[in-house]
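K.L.:
pasting the sequence and the predicted model now:
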Amino acid sequence: MTTLSSKTTAPRSVSGWRSAQSKRILLTLLGWSVALVIFFPIFWMILTGFKTETAAIADPTLIFSPTLESYQAVHARSGYTRFALNSVAVAFGSTFFALLIAIPSAYAMAFLPTKRTKGTLLWMLSTKMLPSVGVLVPIYLIFRDVGLLDTRTGLIIIYTLMNLPIVVWMLYTFFKDMPKDILEAGRMDGASTLQEVFFLLLPLTLPGIASTGLLSIILSWNEAFWSLNLTTSKAAPLTAYIASFSSPEGLFWAKLSAASTMAIAPILILGWMTQKQMVRGLTFGAVK
Amino acid sequence: MTKTRASGRTVGGLRTLSLQAPAVTLLLLWMIVPLGMTLWFSFQYYNLLMPGMTGFAGLENYEYLLSDPALWAAMGNTLLLVGWVLAITVVGGTLLAVLFQQEFAGRGIARVLAISPFFVMPTVSALVWKNMMMHPSNGVLAWLAESIGLPAVDWFSSLPLTSIVIIVAWQWLPFALLILLTAMQSLDEDQVEAARMDGAGPIAIFFFITLPHLKRAISVVIMIEMIFLLTIFAEIFVTTSGGPGLATTNLAYLIYIRALLDFDVGTASAGGVIAIILANIVAIFLVRMVAKNLED
């Protein structure tokens, strides 16, 4: 990157400078047009959320008088808050348990490896490849029989297990990158394993743990197979709530847009913040 | 010396085991129990609407499913969906990664905008596309078509599977871009510079340096996408419900219909087993590749 910028700022001749300059303008135009086209549906959705229902289905225009009508309607009529709270509870709950179970496991794999560690890691990865639809029937029947259908607990259990392999993997890669000497020094000073973990490992790898947690929250928040099949009303998170707009009588574009904007905004921001670290978790460290 | 080291290892081994026990046990249960049940149900007569009819069915569920034209339609749709989305996202993602690797004004913000669709929940992206973008009279695409004098397309009735492909590709193109852009960072700039000095044009550089460098990242993208795309569900659920007819029913949606709408547990489970086998064929390659990476 440094070579690139030094090249553009230190041209050999005036004509070279001109062509470098026009190339840059062309690239800027191209890059931005592509980005805006890809982002357009999200932009349009955000815009439509501030329109009235009549304006929402009128000819597309950027000029309209913005209103919070739809936001108020979504809050007042459909109990948006309830669905949002379900999403929050399920995403944070499952992430908490996944981290709780994964931290000891990743610690053991990174600092006390045995011959079987690599095999265990790969096996964990392989459980992630089991298609959800392949186990839909038994999970549905088990949930029905033990009363977990349409409960937050049920979804938390599923999402914890669903994200556990990714969480273990990501934590493992972060723990492995930590210099062993620091832990060694702590041990020399007489720290017990627990002290070692709480006072050295966790504080030092906090950024890694945080981005692992964020990825788990994002994945749980956006999950739409289990939430659609295992919840009906009580425990339905936002993914399922938005799906209720698909019925013909629910065709209110402005309200759909307002509800959707609220549903995706927090995750969009989290996603922007963690995109780099996410690659690690999403590819199981295969792309760095 | 050797003694302490040996005993240290056993203690370490024991500690390793106990620390890993919760994660391993839970994942083992999560894998074995439902998998075993799916397999078991697939050999049983089991329909929730016909409680009297139970017992061992042998291969009858499989025979019934395999002779059902709906299965083959669903398999065909699954292949088309996976194939097209992969083609669009991998080719598009590679080109976009090259574009967003170049220096230009506001590149950081442009990148963030282009990656955004990946973070949008599937039900939102499907409904926004279905209504605001692809609606035959009030959608943005219809308006665009009419303003340049073309007839508006009724996307979901005349091109149902294409519509689903567009929505899913829009969600996964940013994923490919994100991964490939990360892989691009490790591209050796000196090598590119050397090639340029030797008179290689941008196209030659792309084919002989960039593409080989991205080879591994591209295969990772293909495999991860395949695993997710094989069981696309929410996008179909909220837009077409598998229709019109069977036009957008993929394997995942067919299993859902059989299980939760027809209550035919036996046949649905047989379908589940087929989905698991398909996913595993892909998974074997992915696991091998990651294993190779662990050794490096």
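P.N.:
That came through fine. Residues are numbered from 1 along each chain as shown, chains lettered A, B, ... in the order given.
K.L.:
what's the domain layout of chain B?
P.N.:
For chain B, automatic domain parsing gives the domain ranges B:1-29, B:68-295.
K.L.:
how close does A:Tyr80 sit to B:Leu230?
P.N.:
33 Å (C-beta to C-beta, to the nearest Å). Backbone N, C-alpha and C define where each C-beta goes, glycine included.
K.L.:
what's the most buried one of the domains of chain B?
P.N.:
Looking across the domains of chain B with neighbours counted as mean count of other C-beta atoms under 10 Å in any protein chain shown, the highest average goes to domain B:68-295: a mean of 19.
K.L.:
report the buried residues of the longest helix seen in chain A.
P.N.:
Longest helix in chain A, counting residues (DSSP state H): helix A:14-48. With burial defined by 16 or more other C-beta atoms under 10 Å in any protein chain shown, the residues of helix A:14-48 counted as buried are A:20, A:27-28, A:31-32, A:34-35, A:38-39, A:41-42, A:44-45, A:47-48.
K.L.:
same thing with stretch B:35-43?
P.N.:
For stretch B:35-43, burial by neighbour count (16+ other C-beta under 10 Å) applies to B:35, B:37-39, B:41-43.
K.L.:
and these, which is closest to chain A?
P.N.:
B:Met37 (3.6 Å; C-beta to the nearest C-beta).
K.L.:
I'd say that closest one and A:Pro138 touch.
P.N.:
Yes: B:Met37 lies in contact with A:Pro138 (C-beta atoms under 8 Å); the separation is 3.6 Å.
K.L.:
which phi and psi does B:Tyr45 have?
P.N.:
Main-chain torsions, B:Tyr45, degrees, to the nearest 10: phi -80, psi 120.
K.L.:
likewise for A:Gly79?
P.N.:
Given degrees, to the nearest 10, the pair of backbone angles that A:Gly79 has is phi 60, psi 50.
K.L.:
burial of it, as a residue count?
P.N.:
A:Gly79 has 12 neighbours, counted by other C-beta atoms under 10 Å in any protein chain shown.
K.L.:
tell me how far it lies from chain B.
P.N.:
As judged by C-beta to the nearest C-beta, to the nearest Å, A:Gly79 and chain B stand 17 Å apart.
K.L.:
tell me if A:Pro232 really is in a helix.
P.N.:
Pro isn't right for residue A:232; it's Thr. No: with DSSP: H, G, I helix; E, B strand; the rest coil as the criterion, A:Thr232 is assigned coil and is not in a helix.
K.L.:
that one is in contact with A:Gly154, isn't it?
P.N.:
No: in this structure A:Thr232 lies outside contact range of A:Gly154 using C-beta under 8 Å: 11.7 Å.
K.L.:
quick one: which of those two has more around it?
P.N.:
Higher neighbour count among A:Thr232 and A:Gly154: A:Gly154, with 21 against 11, using other C-beta under 10 Å.
K.L.:
how near is B:Asp190 to chain A?
P.N.:
As judged by C-beta to the nearest C-beta, B:Asp190 and chain A stand 8 Å apart.
K.L.:
ok, A:Val167 touching A:Ala102?
P.N.:
Yes: between A:Val167 and A:Ala102 there is a contact at 4.3 Å, judged by C-beta under 8 Å.
K.L.:
among the two, which residue is more densely surrounded?
P.N.:
Neighbours per residue (other C-beta under 10 Å) separate A:Val167 from A:Ala102, with A:Val167 holding more: 30 against 27.
K.L.:
which of the helices or strands spans that one?
P.N.:
Here A:Val167, judged by DSSP states H and E, is contained in helix A:152-176.
K.L.:
wait, does that helix make contact with chain B?
P.N.:
Yes: shown here: helix A:152-176 in contact with chain B (C-beta under 8 Å from any C-beta of the partner chain) through A:160-161, A:164-165, A:168.
K.L.:
any chance of those residues in a markdown table with pLDDT as columns?
P.N.:
Below are the residues of helix A:152-176 next to chain B laid out as a markdown table (pLDDT from 0 to 100):
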| residue | pLDDT |
| --- | --- |
| A:Thr160 | 94 |
| A:Leu161 | 92 |
| A:Leu164 | 91 |
| A:Pro165 | 88 |
| A:Val168 | 90 |
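K.L.:
could you turn the buried ones of those residues into a PyMOL selection?
P.N.:
Command for PyMOL that selects the buried part of the residues of helix A:152-176 next to chain B, burial taken from 16+ other C-beta under 10 Å:
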select buried, chain A and resi 160+161+164+165+168
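K.L.:
out of the residues of helix A:152-176 next to chain B, which is nearest to B:Ile236?
P.N.:
Comparing those against B:Ile236 with C-beta to C-beta places A:Leu161 closest, at 24.5 Å.
K.L.:
so the closest one touches B:Leu27, yeah?
P.N.:
Yes: using C-beta under 8 Å, A:Leu161 is in contact with B:Leu27, at 6.9 Å.
K.L.:
quick one: contacts for A:Ala58?
P.N.:
By C-beta atoms under 8 Å, 6 or more residues apart in numbering or on different chains, the contact list for A:Ala58 reads B:Asn138.
K.L.:
over to it: give its phi and psi.
P.N.:
phi -80, psi 180.
K.L.:
gap between it and B:Gly149?
P.N.:
On the measure of C-beta to C-beta, A:Ala58 and B:Gly149 end up 21 Å apart.
K.L.:
just A:Leu136 next, same as before
P.N.:
Counting by C-beta to C-beta - A:Leu136 and B:Gly149 are separated by 47 Å.
K.L.:
swap in B:Leu27?
P.N.:
Computed as C-beta to C-beta, the B:Leu27 to B:Gly149 distance reads 58 Å.
K.L.:
ok, B:Thr78 next?
P.N.:
Distance, B:Thr78 to B:Gly149, by C-beta to C-beta: 37 Å.
K.L.:
what does A:Met178 give?
P.N.:
A:Met178 sits 63 Å away from B:Gly149, going by C-beta to C-beta.
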